[in-house]
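Chemist: Quick one, fold the following:
(one chain, ligands or ions: 1)
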Amino acid sequence: MLQTICVDMDDVMCDYTKIFNNQLKLNPEQKFPQSVQGFFKNLPEIEGAIEAVKHLNSISGFQIYILTAPSERNPLCYTEKRIWIENHLGFDFVSKLIISSNKGLIKADYLIDDYIEGKGQENFEGTLLQFGSHKYPNWNAILEYFK
Ligand SMILES: [Mg+2]
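Modeler: Below is the predicted model:
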């Protein structure tokens, strides 16, 4: 049976915080850069994320899903996340995109997320690998774990 790995987007696959802070500096009047059209679509990749996700999806015994919580006040976010996935991972990954404000409802073996709570991560029943933590600071560490 395949083991399922769910991967978060913001600050795990896409560099949300860097662009958020840049935009805030460029335009301090706009307090919510994440509500501006194009914000989610144009986020750059976190180093190594795309290659790592493709790799994990290709090794036998595993399947990848993208599990991301939306920025609920920005309706465009839902569409832009979908576009981001196609642009960076290809159309085959679009059907792997799960947008949910409650990640605890999703049944999977692993969740790779930078937060361990707040969007249902605290109720996730599988193994949570905290991206950016001391133990899993980057994608190399995650790949090492699944070796
Ligand atoms: Mg995140």
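Chemist: for this protein, what's the longest helix?
Modeler: helix 76-89 (DSSP state H).
Chemist: elements contacting it?
Modeler: Applying 3 or more C-beta pairs under 8 Å, 6 or more residues apart in numbering; DSSP states H and E, we find helix 76-89 packed against helix 49-58, strand 97-99. C-beta: built from backbone N, CA, C; applies to glycine.
Chemist: residues of the longest one that come out buried?
Modeler: Across helix 49-58, burial judged by 16 or more other C-beta atoms under 10 Å covers Ala49, Ile50, Ala52, Val53, Leu56, Asn57.
Chemist: downstream neighbour of it in the secondary structure list?
Modeler: strand 62-68 (DSSP states H and E).
Chemist: what's the angle from that next one to helix 76-89?
Modeler: When axes from the mean of the first three to the mean of the last three C-alpha atoms, to 10 degrees is applied, the directions of strand 62-68 and helix 76-89 differ by 150 degrees.
Chemist: what's next to strand 62-68, contact-wise?
Modeler: 2-10, 13, 53, 56-57, 81, 85, 93, 96-100, 103, 106, 108, 111, 113, 146 (C-beta atoms under 8 Å, 6 or more residues apart in numbering).
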